[in-house]
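Undergrad: attaching a predicted model along with its sequence, questions to come.
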Amino acid sequence: MPNLQATNHYEQIVIGAGFAGLCAAALLTKKGYKTLLLEAHTVAGGCASFFKRKDFLFDVGATTVSGLAPNKPIYKVFHELGLLDELNLKRLDVGISIKMKGQTIKRYRDSQRYMQEFENSPFQDSITNVRDFFKEVHALDKLAWELIDINERLLPVSLDDYIDLFQVRKIWKNLEGLKLVPGLFSSTDSFLARFNLHNNQDFKEFINEQLLITTQNLSSKTPYLSAALGLAYSQEVFYPYGGIAEVSKILERYIKAQGGEILYKAKAKKIKTSSSGFEVEVNHLKENKQFSAKALIPSIPIWNLAQISEGSIQKHFSKFSKKFPDAWGAFMVYGAFKASLELDSSYYQIHTSKPIPFCNSASIFASISLADDDIKAPPGWHTITISTHTLVENWLDLDPSSYDERKQLCQDFILSELYQIFPELRDCEKKFIQSATPKSFEFYTSREKGFVGGIAHSVDQPILNFAPSQSPHENLFLTGDTSFPGQGLAAVAYSAYSISQRIK
């Protein structure tokens, strides 16, 4: 436990040490603010955290690192903090290797090589249309990131925010960006129709399983601008040695070195306004403690915020939690395998041969540690994290026996699908095979019902309806995967960076 000051008053309190909370706290401490970061768990990272079993380290979730180009959020955060040189990353030539209908489609960093992959794909007869589709996807992605780069205060909520949009240096690019607006409200299916691909079931299956990972929705509901960003995301993927936990640890060390404080096993139980700003009641080591701050930055989900806040703050977050009442859960399988694998990527999306028991995706996503990553596994071993989407309702209100039976059925099925792609794993030496459900995420991360992945991007509830980073309450800001612009490390890094630019 860090040595807290005699007074429990801070300039900034950040609730939740997930990636968003870590970025926000680090940026605020750099500005010289007296900052406290509260974390309910024993380690930082949230859904992008880790756990250890002897010499093996496992990523908790299916987390990939992208957004490291100079105009993208993670680069901007680490550049501002002076921490780029501390990142131990490997740029992957193949961001994701997709196994579908007995064939492999490699998502090469080089666009031309990626287009060549479609020559032997299940939808090779539509290859010209597919290439035209991805040409437009990359054009939309490029323009969107140019706009995000120059606009650090999205969504605009104040007069200052709107004035910022019309600065001379950015007004022409922002006007050009108006062409992206239809992509916030029109579905990906309508976009596919432009390229005569809307009835191509193989191609729709191909992109739908990717969209589930990046937008949490399918082509029938995903706005096509969100789809473009999601489908382009895997072009620039980095492998973090030691897992995403090592990236989080860099931010942790920085916060402490700059004089910030991190309090673990500190679960926020109540937040309310006060004469000094805000008060946070925290359960820490079975004791209730009070902290106050001039500014408050929750990075926990809107559903949790609606439960622990009071008065007008609760009314604000309840509005969003009712607007977005549901999210996906994840079923996870973890294991350590002693095998020699020939890997073309660290990340594999495997389309399954039949429906996954008690799950709601047609694929599994496997993150496999590289052979030279001796932080995650000893030589000759790999740690593997596998995830798929599931409705949280599949795991609620079960007696212990039924719950365990479902877990085992799902785990066995997922491993059998993995072994079809990597047969050398079937009979090799294995350790620490275990699985997790939404109930596991709820227990360890305190997220309501174990919801993960943020809010689904949908034409029914466009991203403009997400909770903005600046609330109507002065000095109350929101970051994390249930606020604008949504889920993924790049998105939550942007929301944290935006907050750091708003706070004066």
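TA: Looks like it arrived, so ask away. Numbers count the residues shown, from 1 in each chain.

Undergrad: can you tell me the closest non-neighbouring residue to residue 433?
TA: Nearest residue to residue 433, sequence neighbours excluded (C-beta to C-beta, 6 or more residues apart in numbering): residue 335, at 4.3 Å. Using the backbone N, CA and C atoms, a C-beta is placed for each residue, glycine as well.

Undergrad: got the buried residues for the host helix or strand of that neighbour?
TA: Taking DSSP states H and E as the criterion, residue 335 maps to strand 329-338. The neighbour-count check on strand 329-338 (16 or more other C-beta atoms under 10 Å) flags 329, 330, 331, 332, 333, 334, 335, 336, 337 as buried.

Undergrad: can you check stretch 458-469 too?
TA: Per 16+ other C-beta under 10 Å, stretch 458-469 contains these buried residues: 458, 459, 463, 466, 467, 468, 469.

Undergrad: these: which two are farthest apart?
TA: The span of the buried residues of stretch 458-469, defined through C-beta to C-beta, is set by 459 and 469 at 22.7 Å.

Undergrad: for the strand holding residue 335, list the C-alpha coordinates in CSV.
TA: C-alpha atoms of strand 329-338 as CSV (Å, rounded to 0.1, in the frame of the first residue of the first chain):
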residue,chain,number,x,y,z
GLY,A,329,-19.7,-11.4,-22.4
ALA,A,330,-16.6,-13.5,-23.2
PHE,A,331,-15.8,-17.2,-22.7
MET,A,332,-12.1,-17.7,-22.3
VAL,A,333,-9.8,-20.7,-22.4
TYR,A,334,-6.2,-20.5,-21.1
GLY,A,335,-3.4,-23.0,-21.2
ALA,A,336,0.4,-23.6,-21.4
PHE,A,337,1.6,-25.9,-24.1
LYS,A,338,5.0,-27.4,-24.7
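
Undergrad: show me which residues of the following helix or strand past that strand are buried.
TA: Sequence order places strand 347-351 as the next helix or strand after strand 329-338, per DSSP H and E. For strand 347-351, the neighbour count (16+ other C-beta under 10 Å) marks 347, 348, 349, 350, 351 as buried.

Undergrad: quick one: low-confidence parts of the chain?
TA: 1-7 (pLDDT under 70).

Undergrad: switch the cut-off to 80
TA: Applying pLDDT under 80 to the chain picks out residues 1-7, 62-63, 67, 504.

Undergrad: got JSON lines for the buried residues of strand 329-338, with distance to residue 434 too?
TA: Output for those, formatted as JSON lines (distance: C-beta to C-beta, whole Å):
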{"residue": "329", "distance to residue 434": "17"}
{"residue": "330", "distance to residue 434": "14"}
{"residue": "331", "distance to residue 434": "12"}
{"residue": "332", "distance to residue 434": "9"}
{"residue": "333", "distance to residue 434": "8"}
{"residue": "334", "distance to residue 434": "5"}
{"residue": "335", "distance to residue 434": "7"}
{"residue": "336", "distance to residue 434": "10"}
{"residue": "337", "distance to residue 434": "13"}
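
Undergrad: what's the closest of those to residue 152?
TA: Out of those, the member with the shortest distance to residue 152 (by C-beta to C-beta) is residue 330, at 31.1 Å.

Undergrad: got a list of what that closest one touches?
TA: 61, 62, 387, 388, 389, 390, 436, 438, 441, 450, 452, 453 (C-beta atoms under 8 Å, 6 or more residues apart in numbering).

Undergrad: what do you get for residue 46?
TA: Contacts of residue 46 (C-beta under 8 Å, 6+ apart): 16, 17, 18, 19, 21, 445.

Undergrad: ok, the third one to residue 342 distance?
TA: Using C-beta to C-beta, to the nearest Å, one obtains 34 Å as the distance from residue 18 to residue 342.

Undergrad: more neighbours: the two, which one.
TA: residue 18 (27 against 7; other C-beta atoms under 10 Å).
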